[in-house]
Structures are given as C-alpha cells and as structure tokens.
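1. just need the structure, nothing else, for what follows:
(chains A and B)
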Number of protein chains: 2
Amino acid sequence: MSSEQREALDTLFRTGPLEIGGDHLKQREVFTRMLTSRPLPDDVVLAPRELGGVPVLEISIDGVAADDTLLWFHGGFYVLGSARTSAALAANLARRTGMRVISVDYRLAPEHPHPAALDDALAVYGALLDEAGGGFGRVAGDWAKGAVVGESAGAGLAAALLVAARDQGLPMPAAGVLFSPYADLTLSGPSMTGKANVDPSFTAEAVAVRARDYVGTADAAHPLISPVFAELRGLPPLLIQAGSHEVLLDDAVRLAARAARDDVAVTLDVTPGVPHLFQAFAGVLDEGETALRRAADFLTGSFASKAAR
Amino acid sequence: MSSEQREALDTLFRTGPLEIGGDHLKQREVFTRMLTSRPLPDDVVLAPRELGGVPVLEISIDGVAADDTLLWFHGGFYVLGSARTSAALAANLARRTGMRVISVDYRLAPEHPHPAALDDALAVYGALLDEAGGGFGRVAGDWAKGAVVGESAGAGLAAALLVAARDQGLPMPAAGVLFSPYADLTLSGPSMTGKANVDPSFTAEAVAVRARDYVGTADAAHPLISPVFAELRGLPPLLIQAGSHEVLLDDAVRLAARAARDDVAVTLDVTPGVPHLFQAFAGVLDEGETALRRAADFLTGSFASKAAR
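-> Presented below is the predicted three-dimensional model:
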C-alpha cells in the first residue's frame, strides 16, 4: 500500500493550521482555504442556485448530460464549510458516476443550531421531489434518480434527512453514501478515546466544542441529531465508508450496526490506516482512489437496481 | 426485490426437517441430505485428497485452469456438515472467480471438540503453504494466490485460522470471505434475542446445544473459539456478509467492528430480509445472486491488488 502517502497525509494534518475546536469565525476561513486552495479541473461547472429557499451549488462536468442527482451535504461539524468546500470531491464523484451534484449551503451553527441544518436539508429535498421532470435530473416519482451523499457532519445530516423524510412519508432516494459520518454528538463511541493517538485530524475535546455549537439547547442524543440512535427502518441502501484512524470510526460502525438491525441494506467499508475523509485525497492517496471507485460503483449499481424494479 | 422468493425460502426453513439442536447423528444425516440432494452441475469436478494429514475435497470446474485457491470451511456449527456439503456454493464461487476450492473435512464435535477443527485447519493451511509451486494453485511465497472462505461455523473457523496463523508468523492469504459467521460461542450478540422472531433457521436455544458440543471443557469466550473477542490486527482484507434475519447477525457486525478497530481492511455487507447463508440459494433468490457477485468481485479484486504490490 501507500505507506509513504499515508505518512505524508498524516503530517499534513498534524502540522496544518486547522483547529477544529478554535474560534469558529477564524476556523471557517482556515477550513475554506484548505479545501478550495487547489483549482478545480477546468471542466467542472459551478452554478449557484436556490432550491426550496435554500442556497445550493450545482456542480457538474462540462459536456456530461447527467440524468441523476447526488444531493450533497458538506462537512465541517455543522459549523464550518460550505457547498463550495465539497466541490473537489463532489466533482470527482460526479465525473465517475456521470451524475450531477446539488451541494447544499445549509445554515451553520452556532448562529443556527439544530434543527436549522436539517430544516434546510428537508426544504431542498422537498423541492427536488417537486421538480419531477424538471431541471434536476428529471427526477422520477419515487426519486429513483437521486441519492444523498454526505461528508462527516454532512453524512450525519444526510442520515438524519433520510430518517426525517421517511417519517414524513416522503419517497426515498435510490441510495445513501456516507463518508466518515459524524453521527453521535454525545461522542460516546469507544473510538473517541481508542483512536485518539492515531487520528491526525482532531480530538474528542475539539469535537465536543463544535457539538455544543450545533446541539444548542436540544438533547445531543436526539435521533435527528445523532442518527446512531435512530430507528433506520425503511431507509434506502447505504454505503458507509470510514478510515480506521478516526476518532469517529465508531460513528460509522454503529450506524451500520443499527442499519443492519433495522433491515436496511448496508455496506460498511473501512480502510485501514487512513484518516477522516481520506477520499478527499484521492489524487494523492491510493486508498482514496479505490474507495471512491467503490462509492461510484455502489451508486451506479443502486441506481441501476432501482431502475430495474 | 424478491419478496415472494424470500417468503418461500422462509417457509422452506420453518417447515424443514433440520433441527439444529437435535440428536447430532440424526441431524448430520438431515443436514447432508438438505445440502446434497440437488445434483451438482455436470462440469463440477470433485476430487478427494489429503493435505497435512487432513481429508479435503478439491472442487473445480472442468476445463478451467485455476491459478488461485479458495481454502473453504463448511458450516454446521462444528457438529454437522462436511467438505461435500459446501460443494454447490463453493463450485458456484469457483466458477465466478475462475479459482479452485479446497474444502476441508475438519473433525467434528462433540466427538472432537475445540481445538480439533482449528488444528485441522492449520494443518491444511501449512500444507498449502508448503505446496508453493506445487499442485494447489502454484501458491506464491506469501500465498497471494489463496484466500480463505467460510460459511457459518466455517467462517468462525476461518477467522480463528487467520488469527492462529498470524500468531505463528505464517504468511497471510490475499483475503478472507466470511459468509454469515458464527463467531461468538458465548451467544452474547443482541441479535440472539432481537432477531429470534424473524430468523427462520434456528433459535438461540438450539445454537447453545451445539456450542456446548464444540466448546467442551474450554472457555467459550476464548478468542480462537469466538473470534469476535480476538485481536485481529494483521489479518488480510475481509468481506463479511450476513442477512438481517439472522440471530447470528451481530456475530458479523461485531467481527467487522473488531476488524475496523484493529486496522484491518473490512467490508461488512448486510442484505436485509434474508436468512442465514442466503447465498446458498443464489439460484432461486436474487439477493443471493447479487451477494455472491459481490463476493466474487471482492476476491478477484483482492487477488489483483495483492499481485500488484
């Protein structure tokens, strides 16, 4: 494997300027700079729009007539990041699947604690459903032509969206792909301490600061805040990917366990020795490349399987 | 999906003659009849042999020049079954991968409790390693050309074999595929009760009878009896498949969680609404077909990836 690549990435994180638990306004700048400093490929098209009253960024590949939509939720612990900070990874997956991305600029904490982000996610989801035959992937009646994808907090949000949409009787998408989900804001996973020494990205203490920002006066164990505690029955097939060097590893593991218990088709896909959201480094990390390939295969397979039914 | 297929299979199990917890001599006959009553395809070649002093059955497809070997361990709670009872499923996977199978006739409990089965597995594994360049898959120095596969108890045994082989400093195979692993003989998984109402194949009470047969005077929580309690570091990439209608579901889930914790590349792949070892019904159950396809892809991918390094 790519032990040199992995070590370089590790050093990058450990010596980088991002302090997840630091001043949120300053860290927003750092986070955005980190994720947008490299130019996007020339053929990536970014089109800001609004859906359901929520700002979104449509990300597509020039010349690709995408039928299907990936509804995308960025990472950043509900406090950092934006629709734009997901563009590089989202465009990469759009290219591999021939799909287009709607990346959601959901409102951020601490200015907007739970349930602001979820409300925004639901508004966009509802608008996409109403767009059947419209501009976003010629969405079918049961939204077979859409999937939800999330990174980190965005993966937790994507899971919460699916649970809330199911509870409202809305149609489910073809699939969900959750990259390194942040899905337990009580921080009760054993990996929070068990992986503390090997996670180069952040500590339980830093995460706790950001969790308080989003939870606000709510209960951190609420299933729509921490979907590891949710009833997941009725959700579409899920692919959950994580690196084994993550304090959030057990968020992924427990979400998968819960999905299995609740009769959801679920694949938990753990890559050893790599950090949180290693897929974002697909260009320089072999494991990121192969994991993204599996995610693309899962998505195209899920769409094909749903279309065949 | 195939809800009719699933219901038919369910009925088949619930009304079938197999009583896992019954008299072991009688149940051996029933189990063997169940799994060998349908003829194998004409081109499946069965060749009994001996490896490391242990009887094995070589299973291959006529006309396929297989380079790679699947070392296979049958199911039956360490009490029922034989190398031959795996032939249909093993031949199916051999065909899909272009590999040959060595199915092991390990000694059975209660006549031969732990560690007899594991000793036999290790003897065969060692013999395969020594056969480098020999008759079994032209095994490479690091056994890149072999994988271990197990069903149910055989999957638990395969996991225990990998742990024991690692502890002895033996080379690891390219991959492990564990179908519905029986990997906790203390029966402590929540699914033992949580899935009792939906598992058509067996009950915790029946499994407990068979667990006593194999554990004998040993400790059921010993990591080589119950690999959900083992340190798994150093194991090769694992694919763990299970149905969500299994009292053994949490054996699969916890084995995957352990592997992830221990930096093993692991994929947990849960199919909803299907019973224990649903892959054996690939011919009549769509979910079995697609799960076997994923297992074949995983194996060929693991071999290719190991060969490339």
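
2. who in chain A is up against chain B?
-> Contact residues (CB under 8 Å from any CB of the partner chain) of chain A with chain B: A:1, A:190-191, A:194, A:242, A:244-245, A:249-250, A:252-253, A:256-257, A:259-273, A:290, A:305, A:309. For every residue, glycine as well, the C-beta is placed using N, CA and C.

3. out of those, list just those in strands.
-> A:A242, A:V266, A:T267, A:L268, A:D269, A:V270, A:T271 (DSSP state E).

4. on that earlier part again, derive a PyMOL selection command for the buried subset of the residues of chain A next to chain B.
-> In PyMOL syntax, the buried subset of the residues of chain A next to chain B is picked out as below (16 or more other CB atoms under 10 Å in any protein chain shown):
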select buried, chain A and resi 1+191+242+244+245+249+250+252+253+256+257+259+260+261+262+263+264+265+266+267+268+269+270+271+272+273+290+305
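
5. which residue does the stretch 51-200 of chain A bring closest to chain B?
-> A:G194 (6.6 Å; CB to the nearest CB).

6. for the closest residue to that residue other than its chain neighbours, what are its contacts?
-> Closest residue in space to A:G194, ignoring its immediate chain neighbours: B:R261 at 6.6 Å, by CB to CB, 6 or more residues apart in numbering or on different chains. The contact partners of B:R261, by CB atoms under 8 Å, 6 or more residues apart in numbering or on different chains, come to A:P190, A:S191, A:G194, A:S244, A:L249.

7. not counting residues beside it along the chain, what's closest to the first one?
-> Just to be clear, that refers to A:P190. A:D250 (5.5 Å).

8. and the one you found, what does it touch?
-> A:D184, A:G189, A:P190, A:S191, A:M192, A:G194, B:A257.

9. make it 7 Å
-> By CB atoms under 7 Å, 6 or more residues apart in numbering or on different chains, A:D250 lies in contact with A:G189, A:P190, A:S191.

10. and the residue of the stretch 51-200 of chain A closest to chain B, how far from B:A257?
-> Distance of A:G194 to B:A257, computed by CB to CB, to the nearest Å: 11 Å.

11. quick check, central residue of chain A?
-> Residue closest to the mean C-alpha point of chain A, counted by CA atoms, centre = their mean, is A:G150 at 1.5 Å.

12. and the ones in strands among the residues of chain A next to chain B as a markdown table, adding pLDDT?
-> Listed next are those as a markdown table, based on pLDDT from 0 to 100:
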| residue | pLDDT |
| --- | --- |
| A:A242 | 98 |
| A:V266 | 98 |
| A:T267 | 98 |
| A:L268 | 98 |
| A:D269 | 98 |
| A:V270 | 98 |
| A:T271 | 98 |
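
13. max pairwise distance over the residues you listed: which two?
-> Within those, two members stand farthest from each other by CB to CB: A:V266 and A:T271, at 16.8 Å.

14. quick one, strands of the stretch 151-300 of chain A?
-> For the stretch 151-300 of chain A, strands defined by DSSP state E, counting those that start in this stretch occupy the ranges A:175-179, A:238-243, A:266-271.

15. what's the closest of those to B:A206?
-> strand A:266-271 (27.1 Å).

16. so what does that closest one touch, helix or strand wise?
-> Counting by 3 or more CB pairs under 7 Å, 6 or more residues apart in numbering or on different chains; DSSP states H and E, the packing neighbours recorded for strand A:266-271 are strand A:238-243, helix A:249-261, helix A:286-308, strand B:266-271.
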